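Asks: mind looking at a prediction? Sequence and model below.
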Amino acid sequence: MANFGHGTRGYPRSRGRTWSRWESPLFERSRELGGGPDRATLGIVGVVCAIAGFFVLGIILGPVAVVCGWLAMGRTWAGTRPVPALVALVLGAIDTLLAIIWLAGASPAFS
């Protein structure tokens, strides 16, 4: 009975709601199964993007490498850092900087 002052606040299952209103049950299952690539995979993907960025599409692959490296480091500077994550972060930053310099040099002078 959920009317006239008899709410379902203490009994959330009485209205058929067994999970949070904002999350689906598939969200909980994906969290149990891992939910995405692990840190080692992100580090390797970042290194590959950084090396490929030196040859093609550096303005895109450089920031991708930086993001992958940062996520592979666990979004923190503290503690031990995996080597591929640090390499991806540094090479991605260098790649992005070189791409910006190259784009600035390719533009006509403002005089």
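Replies: Perfect, I can see it now.
Asks: now do the helices in the chain.
Replies: In the chain, the helices defined using DSSP state H lie at 25-32, 39-53, 58-72, 83-106.
Asks: what's the most buried one of those helices?
Replies: Using mean count of other C-beta atoms under 10 Å, the stretch among the helices of the chain with the greatest mean number of neighbours is helix 58-72 (a mean of 22). To be clear about C-beta, it is placed using only N, CA and C from the backbone, and glycine gets the same treatment.
Asks: just to revisit the earlier point, next, format the helices of the chain as CSV and append mean pLDDT.
Replies: Formatted as CSV, the helices of the chain follow (pLDDT from 0 to 100):
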stretch, mean pLDDT
helix 25-32, 55
helix 39-53, 94
helix 58-72, 95
helix 83-106, 93
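Asks: report the buried residues of stretch 71-79.
Replies: The neighbour-count check on stretch 71-79 (16 or more other C-beta atoms under 10 Å) flags 71-73 as buried.
Asks: other residues contacting stretch 77-91?
Replies: 39-40, 42-47, 49-51, 53-54, 65-66, 68-70, 72-73 (C-beta atoms under 8 Å, 6 or more residues apart in numbering).
Asks: let's see it at 10 Å
Replies: Residues outside stretch 77-91 that contact it (C-beta atoms under 10 Å, 6 or more residues apart in numbering): 39-51, 53-54, 62, 64-74.
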